[in-house]
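1. here is my input; please provide its structure:
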Amino acid sequence: RVGGKGWIPVNGAGVRVSNSTTPSIIGNVRQPGTNNYYSRGDLAGVGFTQTFAGAGAYCNANVNLPQNNPAGGCIMDLRQAVNQIQPEHETGNFYGRFTKLLSGDLEAFAEVGYYSTKSRVDGLPVNPNGAYNTITGAVSRAATVIGAPHPDTPYLGTAARLTYLPLNDTGISGTNSKSHTTRAQAGVKGVLAGWDFDTAIS
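-> Numbers count the residues shown, from 1 in each chain. Okay, here's the model as predicted:
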């Protein structure tokens, strides 16, 4: 298989595609000046002032794909990691009916029903470079940059663009929903002056 989150694309000649990557669980960092992305686990990253062997070890311990990116990106199948075959779903239901004979031809009744449902649909991790909508409109976040003095940057001393997938840090997003429905009904049925009747209010 080719592809996956964290993939750093190359062209037919094996040259990195400028300014192109997808978020990685260990981070892909853009080299200042050339705009080529390198994995933080790359021990031969161009221009790196420090390397992180632990990042590569973390990658290998947490991915679910063969690591076959020619540019050395740490890749994983995000959908395989977090998607659900069927969302978590719980339901409950109660129904009761009560009757009382008032006379030979007259019967009172009452019914009550209750239904509840609760579900959880898992989503994807929140992209640090993404945007989100609020009630006042779309709010875009600034591009994620790892600071020049940050101890985890391979370009120590120079700020660099970072694409990062915080799957194992912040976890996944999701939607929780709950619904409760109650229904009550009461009425009288019987025979009056030779006519059958059945009335109720709910």
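2. from here on, just use CA atoms for contacts and neighbour counts.
-> Will do.
3. walk me through the domains of this structure.
-> For the chain, automatic domain parsing gives the domain ranges 1-83+127-168, 88-121+177-201.
4. pick the most buried one from those.
-> By mean neighbour count, with neighbours taken as mean count of other Cα atoms under 10 Å, domain 1-83+127-168 ranks first of those at a mean of 17.
5. for Ser116, grab phi and psi.
-> Torsion angles at Ser116 (phi, psi; degrees, to the nearest 10) stand at phi -130, psi 150.
6. against Thr91, how distant is it?
-> Remark: distance between Ser116 and Thr91 (Cα to Cα, to the nearest Å) = 6 Å.
7. same deal with Leu65?
-> On the measure of Cα to Cα, Leu65 and Thr91 end up 36 Å apart.
8. now do Ala81
-> Distance, Ala81 to Thr91, using Cα to Cα: 27 Å.
9. returning to that earlier point: between the domains of the chain, which gets the lowest average pLDDT?
-> Of all the domains of the chain, mean pLDDT reaches its minimum on domain 1-83+127-168 (a mean of 89).
10. just the pLDDT at the most centrally placed residue in the chain, thanks.
-> For the chain, the residue sitting closest to the mean C-alpha position, by Cα atoms, centre = their mean, is Gly123 at 1.7 Å. Per-residue pLDDT puts Gly123 at 83.
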